[in-house]
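1. Sequence and predicted structure are below.
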Amino acid sequence: MANAQRGEVDLEIGGEPFVARFDFNAIMHLETHFGKPLAEIFKAGGGVQASMIPVALWAALVTKNRARFPTVEVLAEALDLARLAYYSAKTAELFQAAQQIMAPERPTTAPAATLAGA
């Protein structure tokens, strides 16, 4: 089961369950493949292009599933074209999860602690 705090997304390919995540290696693969920073690869409102899906899913899966999907082409062969909308939604979910994790946190100010009964 995916851990949203880590940016993980549950995904099914060919009837097999997987947990996908854009880790540092995945981001490196994506930026190298597309020739631009992750933030520019998937711009808000731009949507996911079909050509992005196999590359993005492979990058999110390869760290733990290299034996199953050694190349983007092997993963693309496993994708069912009839589920294009599903894979598109999962790819968008991965980009959104990565952007949330990489976004700088806003500092919070905690109230000063008080001693009860002092």
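-> Thanks, I have the structure now. Residues are numbered from 1 along each chain as shown.
2. Distance of the residue positioned nearest the centre of the chain relative to N65?
-> In the chain, the residue lying closest to the centroid (C-alpha atoms, centre = their mean) is L94, at 2.7 Å. Going from L94 to N65 by C-beta to C-beta, to the nearest Å gives 14 Å. From N, CA and C alone the C-beta is placed, and that goes for glycine too.
3. Please apply the same query to A59.
-> For A59, the distance to N65 - C-beta to C-beta - is 11 Å.
4. packing partners for the worst-scoring helix or strand of the chain on mean pLDDT?
-> The helix or strand of the chain with the poorest confidence is helix 38-41; it has a mean of 82 (mean pLDDT, DSSP states H and E). Packed against helix 38-41, as judged by 3 or more C-beta pairs under 8 Å, 6 or more residues apart in numbering; DSSP states H and E, are the following elements: helix 24-34, helix 84-102.
5. Apply 10 Å and report the result again.
-> Packed against helix 38-41, as judged by 3 or more C-beta pairs under 10 Å, 6 or more residues apart in numbering; DSSP states H and E, are the following elements: helix 24-34, helix 52-65, helix 84-102.
6. Single out the most deeply packed of those.
-> Ranked by mean neighbour count, the helices and strands packed on helix 38-41 are led by helix 52-65 with a mean of 21 (mean count of other C-beta atoms under 10 Å).
7. follow-up on the earlier one: in TSV, list the helices and strands packed on helix 38-41 along with mean pLDDT.
-> Formatted as TSV, the entries for those read as follows, by pLDDT from 0 to 100:
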stretch	mean pLDDT
helix 24-34	92
helix 52-65	94
helix 84-102	90
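8. Figure out which of those helices is closest to E40.
-> helix 24-34 (8.1 Å; C-beta to C-beta).
9. So which residues make contact with that closest one?
-> 7, 20, 22-23, 36-42, 51-52, 55-63, 72, 94-95, 98, 102 (C-beta atoms under 10 Å, 6 or more residues apart in numbering).
10. quick one on the thing from earlier: surely the residue nearest to the centre of the chain meets A4?
-> No: look at L94 against A4 with C-beta atoms under 10 Å: they stay out of range, at 11.6 Å.
11. and stretch 63-76, how far apart are its ends?
-> Using C-alpha to C-alpha, to the nearest Å, the end-to-end distance of stretch 63-76 comes to 17 Å.
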